[in-house]
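Asks: Mind folding the following:
(chains A and B)
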Amino acid sequence: MISGVRIRLFPAPAPGTARTPLVLITTSLVGLAAFVVTLGLGEVTVTPVDVVRALIGQTGADGAFVVTELRLPRALVACCVGAGLAAAGVVLQGLTRNALAAPELLGVSAGAYAAAIFVIVLLPDLPISVLPACAFAGALAASAVVYGLSWRRGTSGSRLLLVGIAVTTVGYAVVLGVVSTIDELIHASQLVTFMAGSVYGRGWPELGAVAPWLAVLLPLVALSTRDLDALALGDPVARGLGVRVEAARLRLLVLAAALAGCAVAVAGPVGFVGLMSPHIARRLVGGAHGPLLATSVLLGATIMLIADALARLAFAPVDVPVGVVTAIVGAPYLLWLLVRGRTNPE
Amino acid sequence: MTLDAHDLVLGYGGAPVIEGLNLQITHGQITVLVGANASGKSTLLRALGRLLRPQAGDVLLDGKAIASLSTREVARRLAILPQGPVAPEALTVRQLVAQGRYAHQRLLRRWSADDEASLASALEATGTSDLASRPVDELSGGQRQRAWIAMALAQQTDLLLLDEPTTYLDLAHQVAILELIAQLNARDGRTIVMVLHDLNQAARYADHIVALRQGAIVAAGPPPQIITEAMVRTVFDVDVRIIEDPVTAGPLCVPATTLRTPALQPHRP
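Replies: Below is the predicted model of the structure:
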């Protein structure tokens, strides 16, 4: 499926990562299984066999319409959002040499979101396909601010987070200000759901808006993984190795903003996927960014898929925003990281 | 392969650290920069390796201003290892050393047989082949430093610039690293420029010493000629006696001022 295709976009892993193929295969299989199973779950239950039959286009499968027309586009959007956020997390963490860097913590998601809301409210007639570009602009502005304010020959975790919180707060204030100008309450409540991060009701148009961005951005990030590897050794070492440090950092920052922007444009600022996926991936395949990126992208897609299934099913028929689920899992994870960071100064 | 500095002015924004410095690195030799703290020796090394852009003057690599060359081009001719580099968590020695090939790779044509051969010979030369799959952060200080040197060697350059390669190492590992560097020079003919803190180590391993004080070269030349009591007093602000190194017959400095003379310590066993 989509994850199977995605693996081949990445070049051969860097030397010395013997576990990587096994991890990638396992992660893909888990993602694929989650994909098939969650597509069958909901008000109408469809067996995995029937899901597969529906997906490969066999007519007459039970619940084929529910699977391919209602659930499939939403699941694919969830995968794309998870993949985009995870890749943005890998880039931001590598770029800042800081394990706490993630689009949702640095204000990148909030910037993207504020720009998206701005456009949705003020220019409601604009097609969905331009939304990622607008969110990208917002993400870029936010990341430039955060980066400019927190970079002092490197970044400390606390300064990054503090500036990130400030930018996030400003972003959400902009959103609330814009939303409060709307008269129709229903429209406003939809926007607030969007604020928590949700893929409710997302379909083929949203998939068409986000997927092309990923198709371009992910290979570009994959080509930049060796820059991330070199930057991880520190600026002087990287420069000595032949990296144009400033240019590489700017390019990576733009890529991260674009990845977060296109994800946020269709799903709102879903939290913690961009933080957790690279962390888990690092434990599985180590710190080399080629394998790390591939694994993170697969994990991000899988996490979003499962989180969205939980969001749909846990309080059915009420559809909880997926961002609530990722926050319930992700916030304790962040706290754990911070507590562990206190005992281990690295 | 030549590396020269012409009327070099270096600084970090404020008053220049080095003003109007001229220097010629001799091909095939070990040049050691010595000086007190803040004498500008690391700053000079960083400029020679293009990590620091001169405020005025030029560093010339093969006669061309190094600032006009691309970062990649420089990295193919000159490897520089800054002081006390830190490897990220869980990075293996092999992965670290492989990064030395960055400047030799292209966007799409990545790990080649050439890269693999350079990697293997760098590991071999530094005695780290057996450590290749170990995480760098789990190694001893000496092993870790050898891994970093291997990374610089993998760049396959004639010129190797090292900033205090023995910092934080115990004596045995200091000696091992310096012997390794001497071997890289003697066996492979690499030109080496390094900053060393310890004047006696500099005297033993350098073909050519450059002594700096307040950003200016005070003395430069072979250790037996330039290491004098007067020079050491000027450069390090310390009185020394110079005796013959019993191993190499070169100069050996011993501080001349101390309260701890045997006469003052009657109870010392």
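
Asks: From here on, just use CA atoms for contacts and neighbour counts.
Replies: OK.

Asks: which residues does the residue in the stretch 51-200 of chain B that chain A sits nearest to contact?
Replies: Chain A sits closest to residue B:72 of the stretch 51-200 of chain B, with a gap of 4.2 Å, by CA to the nearest CA. For residue B:72, the contact set (CA atoms under 8 Å, 6 or more residues apart in numbering or on different chains) comprises A:241-244, B:103.

Asks: check which helix or strand covers it.
Replies: In this assignment (DSSP states H and E), residue B:72 forms part of helix B:71-77.

Asks: what comes up buried for that helix?
Replies: For helix B:71-77, the neighbour count (16 or more other CA atoms under 10 Å in any protein chain shown) marks B:71-72, B:74-77 as buried.

Asks: One more: stretch A:65-81?
Replies: Quick answer for stretch A:65-81 (16+ other CA under 10 Å): A:66-68, A:70-81.

Asks: now what about that stretch, what contacts it?
Replies: Here stretch A:65-81 has contacts from A:35, A:39-40, A:44, A:46, A:51, A:54-55, A:199-204, A:206-207, A:210-211, A:214, A:262-264, A:266-267, A:300-302, A:304-305, A:308, using CA under 8 Å, 6+ apart.

Asks: what does stretch B:104-121 give?
Replies: A:14, A:223, B:76, B:94, B:97-98, B:101, B:129, B:154-156.

Asks: pLDDT below threshold where in the chain?
Replies: Reading this off chain A. Within chain A, the stretches with pLDDT under 70 are A:1-18, A:59, A:61, A:153-157, A:183-190, A:341-346.

Asks: um, chain B though
Replies: Checking chain B against pLDDT under 70 turns up B:109, B:260-269.

Asks: Would you mind finding the longest helix in it?
Replies: helix B:171-188 (DSSP state H).

Asks: In CSV: the contacts of residue B:72, plus neighbour count.
Replies: As requested, the contacts of residue B:72 are arranged in CSV below (neighbours: other CA atoms under 10 Å in any protein chain shown):
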residue, neighbour count
A:241, 31
A:242, 25
A:243, 25
A:244, 17
B:103, 19
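
Asks: out of the residues you listed, what pair is the most spread apart?
Replies: Pairwise distances across the contacts of residue B:72 peak at 10.6 Å for A:244 and B:103 (criterion: CA to CA).

Asks: which parts of chain A sit against chain B?
Replies: Counting by CA under 8 Å from any CA of the partner chain, chain A comes close to chain B at A:14-16, A:223, A:226, A:229-230, A:232-234, A:236-237, A:239-244, A:286-288.

Asks: Flag every residue of chain B that's near chain A.
Replies: Looking at chain A, the residues of chain B close enough under CA under 8 Å from any CA are B:49-51, B:71-76, B:79-82, B:85-92, B:94-95, B:98-103, B:107-108, B:111, B:133, B:152, B:155.

Asks: In the stretch 201-346 of chain A, what residue lies closest to chain B?
Replies: residue A:242 (4.2 Å).

Asks: Against residue A:51, how distant is the residue of chain A most remote from its centre?
Replies: Distance to the chain centre peaks in chain A at residue A:60, reaching 35.4 Å (criterion: CA atoms, centre = their mean). Distance of residue A:60 to residue A:51, given as CA to CA, to the nearest Å: 11 Å.

Asks: do residue A:209 as well
Replies: Distance from residue A:209 to residue A:51, by CA to CA: 25 Å.

Asks: quick one: which of those two has more around it?
Replies: residue A:51 (28 against 22; other CA atoms under 10 Å in any protein chain shown).
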